[in-house]
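Enquirer: have a look; sequence and predicted model below, questions after that.
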Amino acid sequence: MPIALSILDLATIAPGQSARESFANSVVLAQAAERSGYRRVWYAEHHNMDSIASSATSVVIGHVAEHTKTIRLGAGGIMLPNHSPLVIAEQFGTLETLFPGRIDLGLGRAPGSDQKTMYALRRDNASADSFPQDVLELQGFLSGNSRIPGVQAVPRAEGIVPLYILGSSLFGAQLAAHLGLPYAFASHFAPGALHEAVAVYRDKFQPSEQLAEPYVIAGVNVFAADDHEVAAEHRAIAYRDRARRMIQRGPGQHDFSDDEIDAFLASPNGAQLSSMTKYTAVGTPEEIGSYLTDFADSIGADELITAHYAQRIEDRIHSVELTARAVAQVADPAVR
């Protein structure tokens, strides 16, 4: 049986593109994922980033849900310290009521922004300290077992909104294990502690009402194309653009050439940025299928959440389709 595949969509705003175009692209990407047999599409909460349009995450989920039929949709994730647990329970209770059996809620504790934006969100450095308690409070609202007497989330969906703990460190792994929740590791941009965190999660896991056994989701970047050189070029363009945006913030900045960006990424100063994309599958379907299968096996992942960053939406959709076919063929070579 092939490894379960899902997608992380940041609703990326490509150079020269509008946020409205980005949302339209998210719809067609989710439709392609639905046709191709992906399990879910998640959208991440980020703020004050001019290249990411998924800041109002629950609104994006609702929009895409209106234009799809069966695929699960959710947050990967909501940065819970930015919000009141009651407000998030109301938002996702509403989504599950409107789209029953299709809504997920992944939770993280990072701000999803820079320091100034964190303060604009009305949170401080101590906000993350209450994350475990906030998760339990949210869980209570969603299940109808409020921890605050006399307060309930309305609407509360009849169905279950499953919770997932997101992380890139041992903290998230330990919390997910303690609460008996699925654990999604952000190895697509923070690969360092992947193997240790997954091992800790499995070792300390305690069964819960939601989950009887550990369930691991791992993030991985994918650039799939019919030709390896084409896939490699898509990767180069996407990662140059990411680096350029990160080192070129603010007005009056130098417009770095491709050669300058490549030199920076190859230098000691750019090593950390380059290391963020350690887990990246690039190439033809055969290469992609082999890489993803080996990656999943290395940590015993139950599911991979793939991030497709080719700049043109047509190339992202093709990457999504090729990846699904490639993984299916690894499990059953007769699949075409």
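Expert: Thanks, I have the structure now.
Enquirer: in the helix or strand harbouring Ile261, what's buried?
Expert: Assigning secondary structure by DSSP states H and E places Ile261 in helix 258-266. Going by neighbour count (16 or more other C-beta atoms under 10 Å), the buried part of helix 258-266 is Ile261, Asp262, Phe264, Leu265. (Glycine included, C-beta is placed from N, CA and C.)
Enquirer: residue contacts, the third one?
Expert: The contact partners of Phe264, taken as C-beta atoms under 8 Å, 6 or more residues apart in numbering, are Ala243, Ile247, Phe256, Gly270.
Enquirer: what about the residues you listed, which are in helices?
Expert: Ala243, Ile247 (DSSP state H).
Enquirer: next, count neighbours for Trp171.
Expert: No, residue 171 isn't Trp; it's Phe. Number of residues near Phe171 (other C-beta atoms under 10 Å) recorded here: 17.
Enquirer: am I right that it is in a helix?
Expert: Yes. The assignment for Phe171 is a helix, going by DSSP: H, G, I helix; E, B strand; the rest coil.
Enquirer: from Asn82, how far off is the closest residue to it other than its chain neighbours?
Expert: In this structure, Phe171 finds its nearest non-sequential neighbour in Arg109, 7.8 Å apart by C-beta to C-beta, 6 or more residues apart in numbering. Distance from Arg109 to Asn82, counting by C-beta to C-beta, to the nearest Å: 10 Å.
Enquirer: again with Ala296
Expert: 31 Å.
Enquirer: ok now do the residue nearest to Phe171, which residues does it touch?
Expert: Contact partners of Arg109, counting by C-beta under 8 Å, 6+ apart, are Met79, Leu80, Pro81, Ala128, Phe131, Gly167, Phe171, Gly172.
Enquirer: show me the residues you listed that map onto strands.
Expert: Counted as lying in strands by DSSP state E, out of these, are Met79, Gly167.
Enquirer: next helix or strand past the host helix or strand of Ala89?
Expert: Using DSSP H and E, the element containing Ala89 is helix 85-98. Next along the chain after helix 85-98, taking DSSP H and E as the criterion, comes strand 103-108.
Enquirer: need the worst-confidence member of the contacts of Arg109.
Expert: In this model, the minimum pLDDT among the contacts of Arg109 belongs to Ala128 (80).
Enquirer: residues in contact with that residue?
Expert: Going by C-beta under 8 Å, 6+ apart, Ala128 touches Pro81, Arg109, Ala110.
Enquirer: let's see 6 Å
Expert: Pro81, Arg109 (C-beta atoms under 6 Å, 6 or more residues apart in numbering).
Enquirer: just to revisit the earlier point, now do the helix holding Ala89 against strand 103-108, angle only.
Expert: Between helix 85-98 and strand 103-108, the angle comes out at 160 degrees (axes from the mean of the first three to the mean of the last three C-alpha atoms, to 10 degrees).
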